[in-house]
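the sequence and its predicted three-dimensional model are supplied below.
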Amino acid sequence: MSTNSMSRRRFLQSTGAAALWLPTAVKGYTSSEMQALYVDGVMQEDVSKWGLDTPSLCVDLNVLEANIARMQSTTASNGIASRPHAKTHKTPIIAQMQLDSGSVGICTAKVSEAEAMFQHGIEQILMTTTNVTPTKIRRAMNLRESCDDFIQATDSPDNARLLSAAAESMGMVADIVVDVDPGGHRTGITPGQPALQLAQLIDGLPGLRLRGLLCYDGGSQHVKGFEQRKNQTLERLVAATGTYDLFQQSGLSTEIFSGGGTGTYNIDHETRGLTDVQVGSYVFMDAQYIDIGGESDAEAYNDFGPSLTILATVLNAQYEGRATTDAGAKSCTINRPWPVVKGETGMSYTSGSDEFGSLRYEDNASRSYEVGDKLELIVSHCDPVVNLYNQMYAIRNDRVEAIWPIAARGMSA
Ligand SMILES: Cc1ncc(COP(=O)(O)O)c(C=O)c1O
């Protein structure tokens, strides 16, 4: 076995609590039974997470809180802020926890996500995707009318003119940041003169107020190895800093210079001018991020713990070397790397089949499961998994403490 997989394994085991696994037949509380037991934000019965019907999405509160605290303390000591991306959790309660910890706002990817957050009391919202259709622009401006702290991104002069006309027709001024392309050509305008000209246009349009820029370098977040990741992202953001300088020299607002993510949260402050990181996955973490390696551990990215898990039940254990569970693609997605069985060694999991998960034992498997047994999975990639569930169970020390609606689940428009 390579050192790499040993270190990763040690980390995953240390996050696990296999010893708390209860093999006895448990009641299996359905979602509606759990809802009935959750009155005015208080659980009326002591329910172990192992008593939940499956598949269920769970978040470990101790780990979640530690992740939020670590992000806050690291960014604060590096002299920047966090503006967490709510596309990851889609859950207003978590957005509020992030704001309470000191985040300057949240981000959303879609206008419907932003609407859902606002409806649930979240007001400091930066939408990082440009709205291009009349429908989306109308929705964004309607939201802006009621939400003073809603900021929108744009990446082209034509779009800026449309946004300004829409805002003006409603008798208001909308807040805008320029989305600058870090080189991946996914979204954003070319840094330098094109971005400067767009900012100058926005500054002169009657319906818009320029607030600064954003530059999210998605292509660097999952680069394996801390030094490689650091070198790549700092190099790719040089042009964004140049753009920031041009804005400043031209007297334009640079109040916001937002970028970065979970993979670069402790690197981004070295990009001069950057004000905040748009970190998403750090709240939950997932198998994709664990594999990239961190500054202190080259093999496992353990700055943040995996707080999000899926509970599954074994349906079939009668064949040698394997077992089948009830959590397949519809519960786990088909993203890679596959989910990891928490707290176990010597087994692998795949979720390629719609309804069924497949567990395979190696010779040194720590356990072999029986029909009806439950197991816990660290998710492959957190964002799309969250989008499969209506609610998540908030767990502390293995007991259900709360049930959180994933209010922006399915809000992809
Ligand atoms: C624009 C933008 N900002 C921030 C993020 C958050 O990234 P991460 O989950 O890697 O922290 C994403 C994720 O895809 C994104 O698209």
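Sure, I can see it.

list the contacts for the nearest residue in space to His120 that is not next to it in sequence?
Excluding the flanking residues, the one nearest His120 by C-beta to C-beta, 6 or more residues apart in numbering is Pro92, at 3.5 Å. Glycine gets a C-beta too; all of them are placed from N, C-alpha and C. Pro92 makes contact with 116-117, 120-122, 407-408, according to C-beta atoms under 8 Å, 6 or more residues apart in numbering.

list the beta-bridge partners for Tyr349.
Beta-bridge pairing of Tyr349 under DSSP bridges involves Leu359.

tally of neighbours for it?
By the criterion of other C-beta atoms under 10 Å, Tyr349 has 24 neighbours.

quick check, Ala66 in a helix?
Yes - under DSSP: H, G, I helix; E, B strand; the rest coil, Ala66 sits within a helix.

burial measure for the closest residue in space to it that isn't next to it in sequence, as a count.
Once flanking residues are discounted, Ala66 sits nearest to Gly305: 6.4 Å by C-beta to C-beta, 6+ apart. Residues lying near Gly305 (other C-beta under 10 Å) number 20.

near the ligand, which residues of the protein?
85, 88, 107, 128, 216, 218, 221, 261-263, 278-281 (C-beta under 6 Å from any ligand atom).

mark which of the residues you listed are buried, thanks.
85, 88, 107, 128, 216, 221, 261-263, 278-281 (16 or more other C-beta atoms under 10 Å).

nearest to Val39, of those residues?
Distance to Val39, by C-beta to C-beta, is smallest for Thr88 among these, at 28.7 Å.

which residue, other than its chain neighbours, is closest to the residue nearest in space to the middle of the chain?
Nearest to the mean C-alpha position of the chain, by C-alpha atoms, centre = their mean, lies Thr88 at 2.6 Å. In this structure, Thr88 finds its nearest non-sequential neighbour in Gly280, 3.7 Å apart by C-beta to C-beta, 6+ apart.

return the residues in contact with the one you found.
Gly280 neighbours (C-beta under 8 Å, 6+ apart): 84-89, 107, 261-262, 383.

Thr271 versus that one, what's the distance?
To Thr271, Gly280 is 18 Å away according to C-beta to C-beta, to the nearest Å.

please apply the same query to Ala394.
For Ala394 relative to Thr271 (C-beta to C-beta), the value is 35 Å.

ok, Glu255 next?
Using C-beta to C-beta, Glu255 is found at 16 Å from Thr271.

the more surrounded of those two?
Each of Glu255 and Thr271 has its neighbours counted (other C-beta under 10 Å); Thr271 has more, 22 against 12.

so which residues of this protein form helices?
3-15, 31-37, 61-77, 92-101, 111-119, 134-146, 157-169, 193-204, 226-236, 238-249, 287-290, 329-332, 382-386 (DSSP state H).

let's have the ones you listed in CSV, adding distance to Val47 and mean pLDDT.
Shown next, in CSV, are those (distance: least, C-beta to C-beta, whole Å; pLDDT from 0 to 100):
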stretch, distance to Val47, mean pLDDT
helix 3-15, 22, 63
helix 31-37, 7, 97
helix 61-77, 14, 98
helix 92-101, 19, 98
helix 111-119, 27, 98
helix 134-146, 37, 98
helix 157-169, 48, 98
helix 193-204, 52, 98
helix 226-236, 41, 98
helix 238-249, 48, 98
helix 287-290, 27, 97
helix 329-332, 20, 98
helix 382-386, 22, 98
